[in-house]
Structure formats: structure tokens, C-alpha cells
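Visitor: sequence and predicted model, in that order:
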Amino acid sequence: MIGNILLTLGMLAGAFTVLMYFMTYKGYENTLKFARIGYHTMAIMVIASSALLLHAILTHQYQYKYIYNYSGSDLPTGLLMSTFYAGQEGSFMLWLFFTAIVGLILLEYTSKRGDLEQRVMMIFSLAATFLLIMVSPMLKNPFAYIWADPTFIEIKSIKQSLLSAPFLQNFLFEDAGGGKTFVKMNSELFGILKSQGIAVNDFIVQGKGLNPLLQNFWMQIHPPILFVGFSMSTVPFAFAFAALLKNEYNNWIKQALPWVLSGTMVLGLAIMLGGYWAYGVLGWGGYWGWDPVENSSLVPWIIGVASIHTMLVQRKTQAKDGIGRFGKTNLILCIMTYLLVLYSTFLTRSGILGDASVHSFVDPGMTVYLLLISLVGIFTILGFGAIAYRWKYLNEHFNFEDNLLSRELALFTGSVALIAAAIIVLVGTSAPIFGQSVEVRFYNELNLPIGIIIGFLNGFSLLLKWKHTNKKDFLKQARFSMISAFVLTILIAVFGGVTDIMLIIFTLSASFTLFVNLEIAYKIFMGRKSFLGAYVAHIGIALFMLGVIASGSFSETKQIQLTKGEKVNVLGYDLTFTGFNLIENGQKYAFNIEVADGSDKSVVAPVMYIAEFNNSLMREPDILNLITKDFYVAPVSYEDGSGHNSNAGTNVTLSRGESYEFNGAKIIFDKFNFPPDAMSSMMSGGDFRIGAEITLEYKGKYVQLEPAMKNSGGQRSFEAVEFKDANLKIEMSNLDASGKVSLVLSNLDGVQNGQLSSPKEILSIDASVKPFINLVWAGVLVMVAGFIISAFRRSKESLVIDN
Amino acid sequence: MMKNKYMFGGFIIVVFLGIMIYLFTQTNVTYEENFSAIKTSSKTIKATGAWVKAKNYEIDREKNIFSFYMTDSHGTELKVIYKGAIPNNFESATSVVVTGKYNSQNGYFQASDILTKCPSKYEEQFDENQSS
């Protein structure tokens, strides 16, 4: 309740702020003070409601539907906190929270720079207000009560002592398929609970929990950093819009640059962390799968990088021409960066990518869909409307000719290449809207030549001088880098065995960039270190490209079966599966594999477990990090060989209705005999019996049999059944929650028929070697470092008043 | 004379848009929910449907093959063969999207990728008439 009041007040304060800033812009005199109060009020409301949500999560208040749906009582604190943004509602809250904080800094920043504040903050507050509408009580509201709409809650979430309460019996429902019992939580039940004096969070004592795929370290840092990046992408839009409002295009460049640099840095870091998450924990094999959700945050990043380069040109050329070059390009790119973030939000949250992506959200309903569309629409109209309005003026004032051998032109061409890359990724990502989809090679084949162009352009542009370059000087300067790049490429091609001509050219292009930047960085390092940023970032991207080439084209993968104790040679390593052990309170199995490379021995331990959350087998890879390469082991399956031991027989697994023939008898599994009280006693660790009802058809006769699994006094045992006519014994060996039963079929007289597998423990794995993958991570980190250095330099410059 | 800026920029954009449109037609994959149509097509397709639980699935560890049956809304069934391990979440998936081609000689769908869509944990839709 309080949460919703805070959010509603925040929304009103946001709208008020927009209005007050607008009036200030229009020339009213006393409204600026109100605008500031308005913004601070909004920020306080947002921060307070976020704190309230976090508190409710930490104290397990399952009366909130959102917390019941995504959180759980048995999560460690870090992961518990990360359930804040595990669903749609909370991730909007997180985005809103960071937007509010970024806005506070931006307000402080702009208030020191003349009349910038009202123009910038007006549009920024509008963006924040839209997010507040999104989490308002009518839409994706994290504070909605669980009984507001009838919700079916599994009884394992309900306090056990209340399950037998008479008032509850009318609200119990059994799911026809899975044999689970649910409590229908609606306002009627809430009324009864209230009259009984039972608080809802004493009644619902457990949430659905966090998806096990998200239960790891990266969940705690990747989404927050990504949303900081998203929040900061609003800033360049606001600056560009402010410039268009005033029809003054000089100052905004240097004022916006530190924001663009730091925003792009944060977004880039977030994207890389997401890639590392996919690679190191989720076991997707690679760091980038061109998944629509991954792509949709990459596109705004690429445009952000393009905008940095053309903005630098404008900044540099301002000294001579006053207004500088590429004014129109810069406005468009800064506006596009934010629009693409909004579009990406629309794609991933509207349910439109439902069939296309592993991790898109489900359909959020029509209202949210329309709000997402109008969010994209309104900001597109604002941004491009403003440009159209000023187009005539812009066209008259930004009209320059660039020399062929000038850094300006090289940088512009580089930005165009980046834009082309962004368009390609965007088209591929948007294809599912039209019921289409593209294969991964669409991205790979198109981005490879663009990568080559960008690599060469980057190197050349730094050798070129501003305005005009003498051809002789240029060739002289390029000599060292050109020769070094050729040598390195030949070395890589010969020793790595690269034969693909495109990859060789790409290697040359990346090495060229690397050497050009290393040379310049070395010279600068001796002088003004604050100017290092760009070169450090470029060295990073060059290392990244080389890492992509190496890990992408030389990776080898093999699926292999490891029998316990037997040594197998895979991809040059001797692997021995030595057995498994239980980890994390016995919930997960770690499979230990000894990896020997000559005399070097180490152990990798990929993990598999059945997640209670979704009754699915989860797999986690393990990586042996060897500096020059990763040895990557992803588990596939495990057969423990047991079940054979007790009574040599045939193992079969049957789903309901399935049958199997043995000794001339047809064995049909009908269903489980799973009494409701067995479930609760299973949960509490008490005694229970679960039977498997089987129909046996033998020579036209039908017989009903029921082998069973029993638990008494903590001991699990199995009741076998016999059928003498067919010389058949049926024993249950396992059951799983998806409704399948495992049976051991054997001859009563003990004579074995057929070939039997001996009890072997076999672990299947996907093993791969990924050379120089560390260059990918190192490259991005170096690039991020470069961004940080540049952002510092440019933020100092932004205070200098020139012209 | 045309400006250098537009020449270079325009060249890159035109060339890449050209290649992109060509590659798009080469690599595009359509979603298909009607399995009868899949069985007459030789293109790479993303087939969406549901796993036929009654027919279970088979795992051939020797050959590393995972196979199962899928059905569309008309009840047309399709045998799917996938080289690789059973995907996470497969058993709890409400719908399955498989990418691949139909092998009309042997009468099965050779999948190169399987995507499982899990029951939306957000809005569970139980009908009351479904409960007992």
C-alpha cells in the first residue's frame, strides 16, 4: 500500500517536474525552484519505494505477488536481493531507480552550466515519468497483492500446520495432470484469513523461488550494470534535444561527451559480463549467440560508439570553424542511442520475441504493450520532430567538404561502418516481428567485413592528420605498424593454420590497429597520460578482435563418454572421470574429472542437478583456464549403473500410458498411486508409499499390479511384484516428478535373458578447447579502462569555457 | 562534385545493405506451426509445437541422438531427431521450437537447434474446470 502511494506520488512529482522545467524554459522566472523540488521529490519517492520493495523481499513478504513469484526464503542474501529484478516489474523498478539517481547527478551537472538545466532535465524527467507510469498500480506494479487476481499457490508454499484448517478446504484444487495440489488465493480467502487473524505472510511462507539459471554471482552484477547503462543512455538524447530546442550546437558536444563516454563504457561492460555469464556459467558454449536479447543491447552500444567518434570530430573542428563538423550526424546518433534502448525494451518485454529468444519475457498484456509502443513512439516523434523542425537551419550551417586524406573523413567513414553493423544486427533481431528469423551466419558473415573495415579505418584515421595529410608523411608513419601487422598476421596464419582469406585479412586489420595504437600510446605515455584513453580503448578492441578470431575459428569440440576410472584422450588431454560428490548441501552433483596434459594435472568439476524449481536437469560447465586457452567441459548426462546390481534385469523408463514388452507380456504403466497425504509426509521427511499402477497383458489376460516405493524411518525400499505365468518380476527403481517411472524387469527364475550391461558409471561430456579466449575478456576490460580515462579527460574539458 | 563524405558513407551503406538483403533471403528461417506444410518443404524451418508426452522421448547415447515427437494444433505429428543432448527444461516445456529441415526420405525432422519454452512462471493459467 505504502509502496503504491510512493510510486503514485513519484509519478505526479515527475509530471510536475516536466511542466515546471518547461515553464522555466519558456521564460517563467520562479518555476526553476519548483522544478528542482519536483525532481528531488520524485527521486526520493523512487528511492523510498525501491527500498521498501527490497525490504519486503528481504523479509519474505509473500503477500506481494511479485515477491511470491520470484523470490524464495532459502536464498542466500546476495541472490535474495537480486530477486528484486528477476521479473518484469522489478526490472522496471531497477531501471527507474538508476534513472532517478542518474538524474540527480545530471541535475547537479547541468545546473552549473547556464540555461542547460531546464532544457536537459525537462526531457530527462519525462523519460523518468514514463518509467513511473510503467510501474504504476495499473500496470507492471511490483506492489500488487497476491489476492488481487486469483493466484494458484502450490501447497508447499503454504504453512503446513494450516493445511488442514477447515476454512481452507474449499480453496484446494488438484491439478489434473501433475498430481499437485494448489491453494486458490483470492480476495475471498484473504477475507477469511483476515477474520481468522492470520497474516498472509504467515500463511504463504515460501515463494516460487529464483530460476536456477539465474542463481549465480553474475545475476547479482550483470542486470544492475546493464540498467545503469540504459539509464545513462537517456542523457545524450536529452542533450541533443536541448541543443535543438535552443538551436545552438556548439556547447552540447563537450557537455555531453563525458556522459556519452561513461554511458557507453557502462553498457559495454554490462554486455561483456552477460557474455561471460553465458560462457562460464550457463554453458551455452560461447560468449555470444546472437540471441535477440543480447543483440538488442548491443545495437545501442554500437551507435553510442559511433556517436563518440563523430562528436570528437565536431569538438576538434570547433576550434577553427566555430560550429564544427558532423553536427547533424551527432544529433541523430545521440537521439538514436536512446531510441534503440527503448526499442530493445519493447522487443524483449512485449512478448514479441516469445519464440525467438531463450530469455525474453512473456506477453505482458495489451496495456503494457501499448505503453511500450507509445514510449518508443513519443520519444521518436520528439527526437526526430525536433530535427525536422531545425533541418533547414542545420543544413545551412553544417555543410563542409572533407579532404580525402583527412582524419575527419576516416572517422566519419568508420562511424558509418559501425552504423551499418548496427543496422544488420537490428534487422536480424527484428525479423521475428514479421515471423522470420535469421541463422547465426547472417550476423557472422556480414559483420566480418565490417570488422575488417573498422580495423583498418581505426589504424589509418590515427595516422591521418586533421584536415589534410601529406601522402609522404602518411606512408612514413604507417610503415612501422604495417610491417609489424604483416609479420604478426603471417605468424598467426602459419602457426595457427588459418586458411580462410577473410579471416587472414581480419587478422591483418586487427593487428594493424593494435600496432598503430600501441605506437601512439607509447609516445603519449611519455607525455600527457590523460590523452591515453582513446588509444587504450582501441588496443582493447584490437585485442578483442584477435581473441574473437582465435577462439572463434580454432575452437574444437568433442562429445565424449567417460567411464569411471578409465583414461580417455580428448583433444590432447587425458581425461579420467573419478566420481562425483555432492555439493551445496547435497543439492547438486559435481563430477570430478582429472585433466592431465603431460605431467600437469588438474581437476575440473562440471555440475548437474535436478532443479526443484522446474523439475529439470540443470547443467553447469567447468573451465580449466590455461592463459593461452580454456579447456571447457560441459556435462551432458550421467548413468550411474545402479539398478543393475540388485537383480540383473532390464531397465525401462515409462511415461503414463506407455508400454513395454518382456517375456511375451505387455507392461503398461497407467499412473502413480500417490495419495495426497504421501505428498505432505514426503515433504516433511516422514513415511510414505508411492505405487505405480501397472496393467499387464499376457496371452489375452489382463492383470493389475502395483510395485511401489516406500519410505519408512528414513529408509527407502522398493516393493517388487511377481507374475508367475510370464516368469516375470517387476521392481520399481525410481520415479520422477514429470510422471515417469523406472522399472527393473527380470526373470523370476533368475535366468538372465539378453545381453546385460555391466554396472558402469558413465559420464558424457562436451569437451572443447578455446584458444586465446582470454583475449576477448582482456580486450573488453582494456577497452573499458580506455573509456574511463577518456571520460575523465572530457569531463574536465567540459568545464572549460571556450569560444 | 559529390562530397567525399557521402561517397564513402553511401558506398558502405549501399554495399552492406545489398549484401544484407541477399544474405537475409539466404539465411532467413520462417516459423511454421502447420506440420503438414513442413513435410512438403525442403527449406530450413523453425517448427513450433508441443512435445507428445505420451510417446516419450528416446536418447541414444552411443550415437548421441535425442529424438521425440512433436504435434501441431491440428494434431499432425512430426518425429524430431536432434544430434546432441536433451535440452535443459525439456520435460517441463509447454512448447518447443525446433530449427532444421524435414528429411522426407526417412520421414523425420532433422533439428539443429531446440528451444524450449517453459510454462510462464508469471501467470499460471489454471482453469477451474481442470481441477478436481
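Guide: Received, thanks. Numbering: from 1, shown residues only, chains lettered A, B, ... in the order given.

Visitor: all helices of the stretch 501-650 of chain A, in order?
Guide: Applying DSSP state H, counting those that start in this stretch to the stretch 501-650 of chain A gives helices spanning A:501-525, A:533-554.

Visitor: list the buried residues of the last one.
Guide: Which is helix A:533-554. A:533-553 (16 or more other C-beta atoms under 10 Å in any protein chain shown). C-beta coordinates here come from the backbone N, C-alpha and C atoms, glycine included.

Visitor: what's the domain layout of chain B?
Guide: Residue ranges for each domain of chain B read B:1-29, B:33-117, as given by automatic domain parsing.

Visitor: please render those as TSV that adds distance to chain A and mean pLDDT to the earlier fields.
Guide: Formatted as TSV, the domains of chain B follow (distance: least, C-beta to the nearest C-beta, whole Å; pLDDT from 0 to 100):
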stretch	distance to chain A	mean pLDDT
domain B:1-29	4	81
domain B:33-117	4	82
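
Visitor: do you know which of those lies nearest A:Phe130?
Guide: Each of the domains of chain B has some distance to A:Phe130 by C-beta to C-beta; the shortest is domain B:33-117, at 29.4 Å.

Visitor: what pLDDT does A:Phe173 get?
Guide: The per-residue pLDDT reported for A:Phe173 equals 81.

Visitor: that one belongs to a helix?
Guide: No: using DSSP: H, G, I helix; E, B strand; the rest coil, the assignment for A:Phe173 is strand, not a helix.

Visitor: correct me, but it touches A:Asn186?
Guide: No: applying C-beta atoms under 8 Å as the test, A:Phe173 and A:Asn186 come out as separate, 11.6 Å apart.

Visitor: circling back: of all the helices of the stretch 501-650 of chain A, which one is nearest chain B?
Guide: helix A:501-525 (12.9 Å; C-beta to the nearest C-beta).

Visitor: that closest one packs against which elements?
Guide: Under the contact definition 3 or more C-beta pairs under 8 Å, 6 or more residues apart in numbering or on different chains; DSSP states H and E, helix A:501-525 sits against helix A:440-463, helix A:471-496, helix A:533-554.

Visitor: tabulate the ones you listed (CSV), appending mean pLDDT.
Guide: Below are those laid out as CSV (pLDDT from 0 to 100):
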stretch, mean pLDDT
helix A:440-463, 90
helix A:471-496, 87
helix A:533-554, 90
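
Visitor: nearest residue to A:Asn747 in space, please, no chain neighbours.
Guide: In space, and not counting its chain neighbours, A:Asn747 is closest to A:Asn727: 5.3 Å by C-beta to C-beta, 6 or more residues apart in numbering or on different chains.

Visitor: on that earlier part again, highest mean neighbour count out of the domains of chain B?
Guide: Of all those, domain B:33-117 carries the top mean neighbour count, a mean of 17, counting by mean count of other C-beta atoms under 10 Å in any protein chain shown.

Visitor: how about the helices and strands packed on helix A:501-525 in CSV, adding distance to A:Val120?
Guide: Shown next, in CSV, are those (distance: least, C-beta to C-beta, whole Å):
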stretch, distance to A:Val120
helix A:440-463, 31
helix A:471-496, 40
helix A:533-554, 24
